[in-house]
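**Q** Quick one, structure for this:
(4 chains)
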Number of protein chains: 2
Amino acid sequence: MKGAPLDTDNLPEESPAERRRQRVRSSILDAAERVFSKEGEAGLSIRRLADEIDYSPAAIYKYFGSKDELLDELKESFFERLMSTIDKASLTALPFEARVRQCFARYVETAIERPHHYAAAFSSVPDTSAAHLADICWEEFETSHKGQAFMVVVGLVREGQEIGVFDASFDPFIAAKSLWASMHGVALLLIHLPGFPVILPTPDHGLNTAAFIQFHAGLLFRSLCVAPSSPEPSGHTL
Amino acid sequence: MKGAPLDTDNLPEESPAERRRQRVRSSILDAAERVFSKEGEAGLSIRRLADEIDYSPAAIYKYFGSKDELLDELKESFFERLMSTIDKASLTALPFEARVRQCFARYVETAIERPHHYAAAFSSVPDTSAAHLADICWEEFETSHKGQAFMVVVGLVREGQEIGVFDASFDPFIAAKSLWASMHGVALLLIHLPGFPVILPTPDHGLNTAAFIQFHAGLLFRSLCVAPSSPEPSGHTL
DNA sequence: TGGAATTAGTGAACGGTGTTCACTAAATGA
DNA sequence: TCATTTAGTGAACACCGTTCACTAATTCCA
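**A** Predicted coordinates:
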């Protein structure tokens, strides 16, 4: 299929036709990104997308097999950004604890920056019927962006154990899963319950979002330490 | 409106007509619950519901203002169960740490028992445009089931501080929010990523779901302690 | 350059969705 | 018994994702 010049594998200038095709494709994705960022899946319809780029609805199906396929691409590119964010944060020259906090904060901040993307990426509920324990293999997960981000966390746990601040008896993979779950929970609660860090009986109990993220990061860090460094994981009196 | 006998406020035997009405209403809710539990929002359509109870689609609108209203009722009654679950767990006669673990485990277990309900209850993404910091007040939250469950957690933190096992310098409300976020994250990751506790590079690193929940609960408990009781928060070597 | 073959793009349709509304028929209240 | 309220309906509206025969433009090759 398409036995064109098979040497140029992914060059930007393939052919005028191909470039035009990519331009239209991008314009679809751009429009989709624009709408989805603002209104989420509810506001994103093929017809509206077609309207926005002045094509007929059917045209979109020459570029994407289905709406889901298009959406997957949006989510995927978001997760790539999320991954690189946490990856970069883990490579800074900061001292260990600050680096961990940075990773945590960047992850959550990036997630709530595009709430629809993050929420949609964890929205499908697989049916619990069949025995699908085996159908998710490690290789598959490891190569995904989620998997890469997860490995960054594993690396941080290992590093903490090597320098003696984290308890060495934790399995770094299992500990990383706990950390990830915690980050995930904070991100989603911030997304779905606006004012979650603020909502408290007396106003002075409230924290702003950034402060709450830091508080939670401190708690998480503390939970892995051999002995809690300082009893106050920052900012819990403001 | 409806100036009927205004003394009998909520008695089960109101009138034959009223009872018939409630029966039909329940049959709608039952069918909805049945379908929703199995297939979630995707499988639940007004027309299918009408089909299932042998009425016309329009009939349902004599009982519920909209599909969302119907769905809200499903979610609400689920959250009532979830609330009572955690409430009961917090009132057992177990020693403190076991009680905390029990609350945590029951919450997550109940959540993943009905994954569609739990996930749907946290699915709306409010638009981040306006300044709606003030539109969520504490009273409103406190009287909701979420709020009640939250207060149980606050109570546990306070108890831990009073008996001296939790660091007293934590604000119990903020700490409870962190705990809640963590529980939430574990529940949702278990829902959306089947095999999440298992997925690891070598098979012997994996935990089953219950074991992972316990591990995470241990970590959380540890994070609030004045000093980590024991370096192994249970089951992390399996 | 001319003709064949591929491709981009379209309009109309299909089956689905939530919701409304004028309408009938039955139950209720006086 | 008769007026009034109510339960329930069928048809329609405006959307949705998707398909398909079709045209028009482009590309390829002789």
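
**Q** going forward, measure contacts between C-alpha atoms and count neighbours the same way
**A** Will do.

**Q** now the helices for chain A?
**A** Assigned by DSSP state H, the helices in chain A fall at A:16-43, A:46-53, A:57-60, A:67-90, A:96-113, A:115-121, A:138-143, A:145-162, A:172-192, A:209-224.

**Q** If you count neighbours, what's buried in stretch A:95-109?
**A** Using 16 or more other CA atoms under 10 Å in any protein chain shown as the test for burial, stretch A:95-109 gives A:96-109.

**Q** Redo the helices of chain A as JSON lines? Include mean pLDDT and distance to DNA strand C.
**A** Listed next are the helices of chain A as JSON lines, based on pLDDT from 0 to 100; distance: least, CA to the nearest atom of the strand, whole Å:
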{"stretch": "helix A:16-43", "mean pLDDT": "94", "distance to DNA strand C": "5"}
{"stretch": "helix A:46-53", "mean pLDDT": "97", "distance to DNA strand C": "8"}
{"stretch": "helix A:57-60", "mean pLDDT": "97", "distance to DNA strand C": "4"}
{"stretch": "helix A:67-90", "mean pLDDT": "96", "distance to DNA strand C": "13"}
{"stretch": "helix A:96-113", "mean pLDDT": "97", "distance to DNA strand C": "28"}
{"stretch": "helix A:115-121", "mean pLDDT": "95", "distance to DNA strand C": "20"}
{"stretch": "helix A:138-143", "mean pLDDT": "85", "distance to DNA strand C": "30"}
{"stretch": "helix A:145-162", "mean pLDDT": "95", "distance to DNA strand C": "29"}
{"stretch": "helix A:172-192", "mean pLDDT": "96", "distance to DNA strand C": "21"}
{"stretch": "helix A:209-224", "mean pLDDT": "95", "distance to DNA strand C": "33"}
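
**Q** wait, doesn't A:Ser123 sit right on B:Ile191?
**A** No: contact criterion CA atoms under 8 Å: A:Ser123 and B:Ile191 do not qualify, at 9.2 Å.

**Q** Give the residues shared as contacts by these two.
**A** Jointly contacting A:Ser123 and B:Ile191 under the rule CA atoms under 8 Å, 6 or more residues apart in numbering or on different chains are B:Ala119.

**Q** what about those two, which has more around it?
**A** B:Ile191 (27 against 16; other CA atoms under 10 Å in any protein chain shown).

**Q** Next, the contact list for A:Val152, please.
**A** A:86-87, A:90.

**Q** between the helices of chain A, which one is nearest to B:Ala32?
**A** Of all the helices of chain A, the one in closest proximity to B:Ala32, counting by CA to CA, is helix A:16-43 (21.7 Å).

**Q** measure the residue in chain A positioned nearest to DNA strand D to chain B for me?
**A** Here the residue of chain A nearest DNA strand D is A:Ser45; by CA to the nearest atom of the strand that distance is 3.1 Å. Distance of A:Ser45 to chain B, computed by CA to the nearest CA, to the nearest Å: 16 Å.

**Q** With A:Leu193 instead?
**A** Counting by CA to the nearest CA, the gap from A:Leu193 to chain B is 8 Å.

**Q** Over to that residue: give its phi and psi.
**A** Here is the backbone geometry of A:Leu193 (degrees, to the nearest 10): phi -120, psi 80.

**Q** tell me the contacts of it?
**A** Contact analysis of A:Leu193 by CA under 8 Å, 6+ apart lists nothing.

**Q** gap between it and B:Ala111?
**A** Taking CA to CA, to the nearest Å as the measure, A:Leu193 falls 18 Å from B:Ala111.

**Q** Chain A against DNA strand D: which residues are in contact?
**A** A:4, A:16-17, A:44-48, A:57-58, A:61, A:65-68 (CA under 7 Å from any atom of the strand).

**Q** Write a PyMOL command that selects only the buried members of the residues you listed.
**A** Of the residues of chain A next to DNA strand D, the buried ones go into a single PyMOL selection, burial set by 16+ other CA under 10 Å:
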select buried, chain A and resi 44+46+48+57
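
**Q** Make TSV from the buried residues of stretch A:95-109 and add distance to B:Ile28 to it.
**A** Converted to TSV, the buried residues of stretch A:95-109 look like this (distance: CA to CA, whole Å):
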residue	distance to B:Ile28
A:Phe96	56
A:Glu97	54
A:Ala98	54
A:Arg99	53
A:Val100	50
A:Arg101	49
A:Gln102	50
A:Cys103	47
A:Phe104	45
A:Ala105	45
A:Arg106	45
A:Tyr107	42
A:Val108	40
A:Glu109	42
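
**Q** Closest to chain B out of those residues?
**A** Comparing the buried residues of stretch A:95-109 against chain B with CA to the nearest CA places A:Val108 closest, at 12.2 Å.

**Q** Compute the number of surrounding residues for the spatially closest residue to that closest one that is not a sequence neighbour.
**A** The shortest distance from A:Val108 to any non-neighbouring residue, by CA to CA, 6 or more residues apart in numbering or on different chains, is to A:Ala187 (5.2 Å). A:Ala187 is flanked by 25 other residues according to other CA under 10 Å.

**Q** Surely A:Ala187 and A:Thr110 touch.
**A** No: if you go by CA under 8 Å, A:Ala187 and A:Thr110 don't touch, sitting 9.1 Å apart.

**Q** how many other residues sit next to the closest residue to chain B within chain A?
**A** Residue nearest to chain B within chain A: A:Gly185 (3.4 Å; CA to the nearest CA). For A:Gly185, the count of nearby residues is 25 (other CA under 10 Å).

**Q** Contacts only, for it.
**A** By CA under 8 Å, 6+ apart, the neighbours of A:Gly185 are B:181-186, B:188.

**Q** again, 7 Å this time
**A** Applying CA atoms under 7 Å, 6 or more residues apart in numbering or on different chains to A:Gly185 gives the contacts B:181-182, B:184-185.

**Q** Farthest pair within those?
**A** B:Ala181 and B:Gly185 (6.1 Å).

**Q** overlap in contacts of these two?
**A** With CA under 7 Å, 6+ apart, B:Ala181 and B:Gly185 have common neighbours A:182, A:185.

**Q** How is chain A partitioned into domains?
**A** With domains defined by automatic domain parsing, chain A comprises A:15-65, A:68-123+A:135-238.

**Q** Now distance to B:Ser223 too, for those domains, in JSON lines please.
**A** Shown next, in JSON lines, are the domains of chain A (distance: least, CA to CA, whole Å):
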{"stretch": "domain A:15-65", "distance to B:Ser223": "36"}
{"stretch": "domain A:68-123+A:135-238", "distance to B:Ser223": "4"}
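
**Q** Noted, bye for now.
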